[in-house]
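Participant: what's the 3D shape of this:
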Amino acid sequence: MLARILDRHREEACSAARDDKSMIVARMNDDGTIGMSTYRMLVAKAYSDRYRSYGDSCVQDAIKMALEGRRGRETAARVQEQLERHFDDTSKRMLGEVGGPHVAELQATVRESLENRSIALKRDLKIELDRRAANPPAVSDIFLSHAALDQPLVTVLVSEIERLFPDRNVFVASRPGDIQAGQKWLPEIERHLKQQGTLIVLVTPNSVSRPWLWFEIGASWFVDPHEIIPVCLGLGKGDVPAPLSSRQILALDVPLDLAQLFRQLGREHDGDLGRFVNRLRRASETVAVLSPADPRKAELLSSIYQVRMTLGSLPHEKSEGEKIRGVSLWSKHTSDSIRALAASFGMTAANQAAEAHRHLATVADLASQVQRTPRNKGFDWSHFDWVRWFDSLGGADRCLVSLSDQVDANWRSLVF
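Facilitator: You can find the predicted model right below:
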């Protein structure tokens, strides 16, 4: 899989470099002021820039797939060897495609430019691999998905899992410290969800209708191998909807099911399961069940949540610009419906929705500029309005959060 992705990046870079060279030749023919030395310099720069972009994309994908995926099954040394070999092959491929007038002199100029760029790429690759070796990303063996309101129940369950499995890392997004201060919460949650491991889904009257729970399930459903264990409390197994109903569901108030849960995690429980069931029940009794009575409120909060999820998946750094191509934006109907529904919650909510709508329209317009450009031609990022992009991303999210606060102060408990 990684080899195919690297080859694809090479084909895109070579195709784009050929197109760049053709445009330079056409310009030279049209403009008699461009001499051969300038021609060689422009072609060498075009090939060097495409080679750099190719190398950066290869490094990002290799680290994501080979080192972060599957618990980092590939070694850093093997990844480095594979990438450096690919860098060399691509450089030779690009050089071999250089032709035209004064080909010998042109190839010499391009060769020097590519060699310098290759040295820089290999150096940056080693620096990045050394950095990751010194600060390896934490990998969660167990991810617990739950509603925020069920925190008392979660605390009891997680403490028992960590007592029985001190060698395993349990990730709970709502627990202080599991996401470090300053980290972007959505990418961090996605990273943990995509790791090989076990997802425990806590299904309760609070969580069963929460969009966030189903997002986490969806993100893990097709990660192979990835064990998903639904556990329920406060509702029957028959009340758990599809697709979770296709899995074996364990009831936390049934000692035999609890024993099965710990057995699937890798160890027999060493205590009184009946007593532990009582602890879980007592914790569950302290949890309030909260749901929006107003269907308009439920629809509005759900739409806001969906749009904010998309905003969170869009690039927040210039180096990640190409990610825009792979994101499906919200529909115009969704942004319009947020504005229309917000009007029924007062003037302040209507104004916040209108401001969010303006920011969302700007994001959609800028993103469409990238998505309309064929990938094989590449996008000229020097003309992309990053200032408006970052301003509109942040402005849209702030307005949507303020709108949610205006609609219902408890919106986080209704969504997460």
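Participant: show the pLDDT at residue 376.
Facilitator: Residue 376 is assigned 76 on the pLDDT scale.
Participant: quickly find the element holding the spatially closest residue to it that is not a sequence neighbour.
Facilitator: Of all residues not flanking residue 376 in the chain, residue 15 sits nearest, at 4.9 Å (C-beta to C-beta, 6 or more residues apart in numbering). The way it works is simple: take the backbone N, C-alpha and C, and place the C-beta from them, glycine included. Per DSSP states H and E: residue 15 is located in helix 2-30.
Participant: okay, the angle between the helix or strand just after that helix and helix 2-30?
Facilitator: Where DSSP H and E defines the elements, the next helix or strand beyond helix 2-30 is helix 36-62. Put simply, helix 36-62 runs at 160 degrees to helix 2-30, going by axes from the mean of the first three to the mean of the last three C-alpha atoms, to 10 degrees.
Participant: which elements pack onto helix 36-62?
Facilitator: Contact here means 3 or more C-beta pairs under 8 Å, 6 or more residues apart in numbering; DSSP states H and E; on that basis helix 36-62 packs against helix 2-30, helix 76-97, helix 103-134.
Participant: distance to residue 384 added to these, as TSV?
Facilitator: Shown next, in TSV, are the helices and strands packed on helix 36-62 (distance: least, C-beta to C-beta, whole Å):
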stretch	distance to residue 384
helix 2-30	17
helix 76-97	25
helix 103-134	23
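Participant: now the ones you listed as CSV including mean pLDDT?
Facilitator: Below are the helices and strands packed on helix 36-62 laid out as CSV (pLDDT from 0 to 100):
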stretch, mean pLDDT
helix 2-30, 86
helix 76-97, 89
helix 103-134, 86
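Participant: what would those helices look like in CSV with distance to residue 400 and mean neighbour count?
Facilitator: CSV is the format used below for those (distance: least, C-beta to C-beta, whole Å; neighbours: other C-beta atoms under 10 Å):
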stretch, distance to residue 400, mean neighbour count
helix 2-30, 34, 16
helix 76-97, 39, 16
helix 103-134, 34, 15
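Participant: which of those sits closest to residue 383?
Facilitator: Among the helices and strands packed on helix 36-62, the nearest to residue 383 by C-beta to C-beta is helix 2-30 (15.5 Å).
Participant: what is that closest one packed up against?
Facilitator: Going by 3+ C-beta pairs under 8 Å, 6+ apart, helix 2-30 lies up against helix 36-62, helix 76-97.
Participant: quick one on the thing from earlier: indicate which one of the helices and strands packed on helix 36-62 is closest to residue 300.
Facilitator: helix 2-30 (39.8 Å).
Participant: separation between residue 171 and residue 142?
Facilitator: 7 Å (C-beta to C-beta, to the nearest Å).
Participant: these two: which has the busier surroundings?
Facilitator: Neighbours per residue (other C-beta atoms under 10 Å) separate residue 171 from residue 142, with residue 171 holding more: 24 against 21.
Participant: hey, what's that one bridged with?
Facilitator: residue 143 (DSSP bridges).
Participant: would you agree it is in contact with residue 143?
Facilitator: Yes: using C-beta atoms under 8 Å as the test, residue 171 is close enough to residue 143 to be in contact (4.9 Å).
Participant: and the one helix or strand residue 351 maps to, what does it pack onto?
Facilitator: Applying DSSP H and E as the criterion places residue 351 in helix 347-371. On a contact count with 3+ C-beta pairs under 8 Å, 6+ apart, helix 347-371 meets helix 332-342, helix 386-407.
Participant: out of those, which gets nearest to residue 81?
Facilitator: In terms of C-beta to C-beta, the element of the helices and strands packed on helix 347-371 nearest to residue 81 is helix 386-407, at 35.3 Å.
Participant: which other residues reach that closest one?
Facilitator: Residues outside helix 386-407 that contact it (C-beta atoms under 8 Å, 6 or more residues apart in numbering) are 297, 300-301, 304, 307-308, 311-312, 314, 316, 318, 338, 342, 345-346, 348-349, 352-353, 355-356, 359-360, 362-363, 366, 411.
Participant: now it: buried residues?
Facilitator: Neighbour-count burial for helix 386-407, counted by 16 or more other C-beta atoms under 10 Å, picks out 389, 392-393, 395-397, 399-404, 406-407.
Participant: and it with helix 347-371, angle?
Facilitator: Using the same axes, to 10 degrees: helix 386-407 against helix 347-371 is 150 degrees.
Participant: so for helix 386-407, what's the average pLDDT?
Facilitator: The pLDDT scores in helix 386-407 average 90.
Participant: ok, residue 381 - contacts?
Facilitator: 318, 321.
Participant: now do it, the pLDDT please.
Facilitator: 87.
Participant: minimum distance to residue 216: which of the helices and strands packed on helix 347-371 has it?
Facilitator: With C-beta to C-beta as the criterion, residue 216 lies closest to helix 386-407 of the helices and strands packed on helix 347-371, at 19.6 Å.
Participant: kindly calculate the angle that that closest one makes with helix 332-342.
Facilitator: Counting by the same axes, to 10 degrees, helix 386-407 lies at 40 degrees to helix 332-342.
Participant: now helix 386-407, how far from the chain's geometric center?
Facilitator: Averaging C-alpha positions (C-alpha atoms, centre = their mean, to the nearest Å) puts helix 386-407 19 Å from its chain's average.
Participant: what of stretch 329-343?
Facilitator: 24 Å.
Participant: what's that stretch in contact with?
Facilitator: 296, 299-300, 303-304, 306-307, 310, 349-350, 352-354, 356-357, 360-361, 363-364, 367, 400, 403, 407.
Participant: which of those count as buried?
Facilitator: 300, 303-304, 306-307, 310, 349-350, 352-353, 356-357, 360, 363-364, 367, 400, 403, 407.
Participant: for residue 328, which of the helices and strands packed on helix 36-62 is the nearest?
Facilitator: The closest of the helices and strands packed on helix 36-62 to residue 328 is helix 2-30. By C-beta to C-beta, the value is 20.6 Å.
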